[in-house]
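S.K.: just to be clear, the model below is a prediction. Sequence and coordinates:
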Amino acid sequence: MMKLSSFLCALALVGLMTTKAAVAAPQRISPGEIWPDNRGEHVQAHGGGIIKVGDTFYWFGEYRAQDNDPAKRYVGCYSSQDLAHWTFRNKVLQLSDPEHLGSPRWVLERPKVFYNAKTEKFVMYMHLDGPLQPGGRDYALARVGVATCDAVDGDYQYLRSFRPLGQESRDIGQFIDDDGSAYLIFESRPTAGFYIAKLSDDYLDVEKVVSFVHAPLEGGGLVHYDGWYYLIGSKMTGWKPNPNVYAISKSLAGPWSEFQNIAPPETNTYGAQSTMMLKVAGTKATTVIFMGDIWKPKTQWDSRYLWMPLEISDGKLRLPEPRPWTMDVETGEVAFSNQFP
Ligand code: GAL
């Protein structure tokens, strides 16, 4: 008979092999489906953004789990080394009505995290909003909130909220240029457009407008790829999808081109709304991923993600029809479902 210690050893080995096999298996990125994290729960990182620290991607977004305390708003953080397997790290921010609006209708949306190398702090921006008094009009506060932390996935400390450069700010997006400079993209209704604004040295403030793009859009995202800046955004239809659009410029300061559709307009961006474009520079290819949200306003915990590699070159950008795909983050190469073995 096998001794208990040998049996346990064999069991551990089998366990190890299974874990290895699970990690090694190429996992498809399937737009629109449930994306289980390491706990088997659908990833809660809506309206999110991704930063890379070392060889790890960290995805932050609205954590809208069904069992949330309804008085609080949460930001979730997940990590991955291949953009397909996501490990839940922490609810990095848990806030209770930080601006004392006194209304249950206050919101924390579209959190984005930057790493400041000078201060060695992670700095989170978020859209904070709500009625100015109980019973008042929704989305009237129109501010950004800022929180910081020493660790990427630690408990962030809320610092303050403000209107960047004195402007109303609703949807926000983040952009880090090739030289490492950090920008906040924010949507301002009274001036009907996107601001692309540089953050201060410590990232705790929004310092300078680099470009104002006169187009009533939201869900802003920006990428610099092969000599062109591509700016994307969605029309203003709340949670309902619409044809998302893009403009290009040789310089971040503009001038920007006219906006064009990123997908056939009748698909309404295949049901998604832009939140970010993620550039993955590999050894063989540079891939730009469109990250969008497929919102389910009545069951937000079940809102889905539409991520697809963009077809992008010579100032043209196109979101291809969603289908499962895989990515090798080392080489930057992608494969689509019709090429799978
Ligand atoms: C969308 C916006 C979302 C959320 C929603 C509320 O247009 O992008 O982040 O604010 O409106 O209706």
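M.R.: Perfect, thanks for sending it. Quick caveat, the model's predicted, so the values are computed rather than measured.

S.K.: tell me who's in contact with the residue in the stretch 101-250 of the chain that the ligand sits nearest to.
M.R.: Across the stretch 101-250 of the chain, no residue is closer to the ligand than G238, which sits at 3.5 Å (Cβ to the nearest ligand atom). (Glycine included, C-beta is placed from N, CA and C.) Residues in contact with G238 (Cβ atoms under 8 Å, 6 or more residues apart in numbering) are P297.

S.K.: equivalent analysis for G193, please.
M.R.: Counting by Cβ under 8 Å, 6+ apart, G193 has contacts 187, 212-217.

S.K.: mind doing that once more with 10 Å?
M.R.: 167, 186-187, 211-217, 233 (Cβ atoms under 10 Å, 6 or more residues apart in numbering).

S.K.: reformat those as CSV; add neighbour count, pLDDT and secondary structure.
M.R.: Output for the contacts of G193, formatted as CSV (neighbours: other Cβ atoms under 10 Å; pLDDT from 0 to 100; DSSP: H, G, I helix; E, B strand; the rest coil):
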residue, neighbour count, pLDDT, secondary structure
Q167, 19, 97, coil
F186, 29, 98, strand
E187, 28, 97, strand
S211, 21, 97, strand
F212, 18, 97, strand
V213, 21, 97, strand
H214, 10, 96, coil
A215, 18, 94, coil
P216, 14, 92, coil
L217, 25, 95, coil
G233, 28, 98, strand
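
S.K.: verify the contact between N338 and R323 for me.
M.R.: Yes - N338 lies in contact with R323 (Cβ atoms under 10 Å); the separation is 7.5 Å.

S.K.: the two: which is more packed in?
M.R.: Neighbours per residue, other Cβ atoms under 10 Å: of N338 and R323, the larger number sits with R323, 14 against 8.

S.K.: so the more buried one, which state does it fall into?
M.R.: coil (DSSP: H, G, I helix; E, B strand; the rest coil).

S.K.: if I look at it, how far off is the ligand?
M.R.: Using Cβ to the nearest ligand atom, to the nearest Å, we find R323 at a distance of 25 Å from the ligand.

S.K.: surely that residue touches V334?
M.R.: No - between R323 and V334 there is no contact under Cβ under 10 Å: 11.3 Å.

S.K.: name the residues contacting each of the two.
M.R.: With Cβ under 10 Å, 6+ apart, R323 and V334 have common neighbours 29, 308.

S.K.: buried stuff in stretch 281-290?
M.R.: The neighbour-count check on stretch 281-290 (16 or more other Cβ atoms under 10 Å) flags 287-290 as buried.

S.K.: should've said stretch 44-52
M.R.: 44-51.

S.K.: and the ligand, which of the residues you listed contact it?
M.R.: G47 (Cβ under 6 Å from any ligand atom).

S.K.: okay if I get the buried residues of stretch 44-52 as CSV plus secondary structure and pLDDT?
M.R.: Listed next are these as CSV, based on DSSP: H, G, I helix; E, B strand; the rest coil; pLDDT from 0 to 100:
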residue, secondary structure, pLDDT
Q44, coil, 98
A45, coil, 98
H46, strand, 98
G47, strand, 98
G48, strand, 98
G49, strand, 98
I50, strand, 98
I51, strand, 98
